[in-house]
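1. structure for the following, please:
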Amino acid sequence: MILWVSDMPELNEQTRLKIEGKSDRIRTGRLFPIDASFDAERLEGGYVYFINTQKLGNDKLLTRQGDGRTWPIWTTLSNTARDCPDRFYVVIDEAHRGMISGKSATEARTLMQRFLLGHPESGLIRMPLVIGVSATPKRFMDLLEKAQPITIHGVEVKAEDVRESGLLKGRILIHHPESTRRRSRPWSRTCATSRTCRRPRPARPASWSS
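-> Here you go, the predicted model:
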């Protein structure tokens with residue numbers, strides 16, 4: 001099972017659609033966004049769950065017990081990690097964000113860091129298997145280095161491979177003729193009534209003799 005974590009719901013939705021469009025093994029019904037109504041003792045195997053940090057604040061319904069909720073999300077994740085330490089993967093999207101470590105990296109200072117370091121105050125244990133995804137992983141790697149003992153396996157993905165997969169575009173062409181016409185009309189009307197509007201003279205190359 002996989003928990004995909006990001007700091008933006010738009011990133012989660014983008015990833016969900018990419019997996020849905022590219023994977024031939026994961027069914028659409030197995031891609032599950034976690035919302036405020038989610039309440040379970042542990043995550044279920046065979047699913048890819050999506051969550052963003054906006055839903056994980058101390059004042060959010062997901063993190064509280066009561067009001068009809070039996071299992072705060074931190075307890076759910078801890079139970080899952082204890083029961084399936086070798087099959088529960090936490091993927092942190094844009095892993096360089098929220099990874100400022102300062103002098104000490106033994107205590108989590110951000111919501112993202114809780115997955116790496118644990119957070120006893122909220123009942124979250126350190127996640128056993130964490131995958132950090134980032135084009136600029138230095139902050140993420142720096143935190144891991146200071147948060148020993150942790151086994152680190154670095155995997156470098158070449159930009160060419162990502163481009164071939166269609167996830168990264170080398171060029172983006174934007175054409176909007178309607179917008180172009182709207183911007184050119186006021187300029188045309190102004191030129192028609194102004195004596196100072198002139199076509200630019202063609203540039204002539206400079207020449208010199210030695």
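2. for the rest of this, base every contact and every neighbour count on C-alpha atoms.
-> Will do.
3. buried set for the helix or strand that contains residue 143?
-> Using DSSP states H and E, residue 143 maps to helix 138-146. By neighbour count on 16 or more other CA atoms under 10 Å, the buried set for helix 138-146 is 139, 140, 141, 142, 143, 144.
4. residue contacts, the last one?
-> By that I understand residue 144. 150, 152 (CA atoms under 8 Å, 6 or more residues apart in numbering).
5. now it: how far from residue 11?
-> From residue 144 across to residue 11, the span is 23 Å (CA to CA, to the nearest Å).
6. now do the phi/psi pair for the residue lying closest to residue 16 once chain neighbours are set aside.
-> In this structure, residue 16 finds its nearest non-sequential neighbour in residue 31, 6.8 Å apart by CA to CA, 6 or more residues apart in numbering. The phi/psi pair for residue 31 (degrees, to the nearest 10) reads phi -100, psi 110.
7. contact partners for residue 31?
-> 16, 47, 48, 49, 50.
8. need the max-distance pair from those residues.
-> 16 and 47 (11.9 Å; CA to CA).
9. name the surrounding residues that touch whichever strand or helix holds residue 92.
-> Taking DSSP H and E as the definition, residue 92 sits inside strand 89-93. Strand 89-93 is contacted from outside by 1-7, 112, 115, 127-134, using CA under 8 Å, 6+ apart.
10. quick one: the strands in the protein, in order.
-> Ranges of strands within the chain are 2-6, 31-33, 48-52, 89-93, 130-133, based on DSSP state E.
11. what pairs with the shortest one, parallel or antiparallel?
-> The strands beside strand 31-33 in its sheet (DSSP bridges) come out as strand 48-52 (parallel).
12. same deal with the fourth one?
-> Note on strand 89-93: by DSSP bridges, its sheet partners are strand 2-6 (parallel), strand 130-133 (parallel).
13. want to try CSV for the buried residues of helix 138-146, with pLDDT as columns?
-> Formatted as CSV, the buried residues of helix 138-146 follow (pLDDT from 0 to 100):
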residue, pLDDT
139, 82
140, 82
141, 83
142, 79
143, 77
144, 78
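14. ok, the residues you listed vs residue 79, which is closest?
-> Using CA to CA, residue 144 is the member of the buried residues of helix 138-146 that sits closest to residue 79, with 23.2 Å.
15. mind jotting down where the helices sit in the chain?
-> Secondary structure of the chain (DSSP state H): helices at 9-22, 73-83, 111-117, 138-146, 159-165, 177-193.
16. got the CA coordinates for the fifth one in CSV?
-> These are the backbone C-alpha positions of helix 159-165, laid out as CSV (Å, rounded to 0.1, in the frame of the first residue of the first chain):
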residue,chain,number,x,y,z
ALA,A,159,15.7,13.9,-17.5
GLU,A,160,15.6,12.2,-20.9
ASP,A,161,13.8,9.2,-19.3
VAL,A,162,11.2,11.5,-17.8
ARG,A,163,10.7,13.3,-21.1
GLU,A,164,10.2,10.0,-22.9
SER,A,165,7.5,9.0,-20.4
